[in-house]
Structures are given as C-alpha cells and as structure tokens.
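[1] let me see the structure of the following:
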Amino acid sequence: MKFLWTIVAVLLLILGSIACNEHKADVTAGLKPIETRNAGNLTVVLMNDAGELKQGQNDFLVQFRNQQGQPVDAGDVQLGSSMAMPGMAPMSGDSQVTPAGQAGTYRVKSNFAMSGAWHFTISWNGPNGQGSTAFNSNVR
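    Residues are numbered from 1 along each chain as shown. Predicted coordinates:
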C-alpha cells in the first residue's frame with residue numbers, strides 16, 4: 001500500500017510540474033510599448049514598464065510578432081543606437097541583447113549617455129528569416 005501512495009505522489013508531482021510549465025508568466029505583462037514597427041511579415045515592439053527610454057541605464061524588451069500577433073523566434077538579434085552630435089561624430093549607445101526565456105522576446109540592456117533624439121536599428125537573422133528596421137525615439 002505504501003508503494004501505491006508513493007507512485008500516486010510522484011504522478012501528482014509530475015502533473016503539477018507540467019501544469020506550471022504550461023502557464024509560465026508572460027514576461028511582457030504590464031509593460032507599455034515604446035515603439036512598434038512593421039518589417040515585412042513581422043511586427044517589432046520595444047517595451048518597458050514606463051513606455052519610454054531614459055538617460056542612463058535602461059532595461060527593456062524587444063518582441064517579434066507574426067501577422068496573428070503571436071511571438072515568433074527571431075534568432076540572432078542585434079540593436080544599435082546612435083545620437084547625432086552637431087560638428088562631432090555620432091554618440092553610440094551600448095546594448096546587450098539576450099533571449100528573455102519566452103519565444104520571440106529579448107531582453108535589452110542599454111546605456112544612453114544623453115537625453116535627446118536617438119536613432120535605433122534592430123536587425124535579426126533566424127528561423128523566420130532575416131531583416132531589419134530603424135526608427136527614431138526620444139530618450140528622456
């Protein structure tokens with residue numbers, strides 16, 4: 001009888017684990033869009049808790065969505081940023097892009113030394129093709 005209860009307990013643990021994994025929290029829940037761009041058959045959305053970028057260290061997400069609005073894997077993702085400086089070379093912002101643990105969603109850590117108008121370029125190469133998009137956004 002003890003053996004039967006052990007088997008039941010193990011099965012309940014396995015079923016509970018499967019159920020928890022299917023209901024992982026959406027890492028984008030509660031975040032506000034900063035910018036949204038259509039690029040071919042993908043939509044690229046930058047988002048964070050404030051809905052805007054600020055001077056200094058920033059943590060935000062980039063998500064790639066298909067035409068049905070579902071996140072899709074973009075593979076290798078790069079983000080470049082620069083700020084035009086009159087009479088000088090453009091200022092660049094450092095960015096590190098890593099997968100966020102949810103399909104098509106990537107964490108970005110960037111540092112913007114100054115507030116003002118920044119130019120962003122996002123490029124990707126993965127199972128859903130390769131592409132890029134560019135946009136301007138203000139850093140507050």
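[2] residue 46: what's it in contact with?
    Residues in contact with residue 46 (Cβ atoms under 8 Å, 6 or more residues apart in numbering) are 33, 34, 35, 36, 60, 61, 62, 108, 120, 137. To be clear about C-beta, it is placed using only N, CA and C from the backbone, and glycine gets the same treatment.
[3] same thing with residue 51?
    32, 33, 34.
[4] shouldn't residue 103 be in contact with residue 72?
    Yes. Between residue 103 and residue 72 there is a contact at 6.7 Å, judged by Cβ atoms under 8 Å.
[5] and these two? which has more neighbours close in?
    Higher neighbour count among residue 103 and residue 72: residue 72, with 21 against 13, using other Cβ atoms under 10 Å.
[6] just checking, residue 63 is part of a strand?
    Yes. Residue 63: assigned to a strand according to DSSP: H, G, I helix; E, B strand; the rest coil.
[7] which strand residues bridge it?
    residue 45, residue 105 (DSSP bridges).
[8] for residue 78, what are phi and psi?
    phi -120, psi 140 (degrees, to the nearest 10).
[9] now the contacts of residue 46 in JSON lines, with distance to residue 87, pLDDT and secondary structure?
    Below are these laid out as JSON lines (distance: Cβ to Cβ, whole Å; pLDDT from 0 to 100; DSSP: H, G, I helix; E, B strand; the rest coil):
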{"residue": "33", "distance to residue 87": "34", "pLDDT": "96", "secondary structure": "strand"}
{"residue": "34", "distance to residue 87": "29", "pLDDT": "95", "secondary structure": "strand"}
{"residue": "35", "distance to residue 87": "28", "pLDDT": "95", "secondary structure": "strand"}
{"residue": "36", "distance to residue 87": "33", "pLDDT": "96", "secondary structure": "strand"}
{"residue": "60", "distance to residue 87": "30", "pLDDT": "97", "secondary structure": "strand"}
{"residue": "61", "distance to residue 87": "35", "pLDDT": "97", "secondary structure": "strand"}
{"residue": "62", "distance to residue 87": "32", "pLDDT": "97", "secondary structure": "strand"}
{"residue": "108", "distance to residue 87": "30", "pLDDT": "97", "secondary structure": "strand"}
{"residue": "120", "distance to residue 87": "23", "pLDDT": "96", "secondary structure": "strand"}
{"residue": "137", "distance to residue 87": "23", "pLDDT": "92", "secondary structure": "strand"}
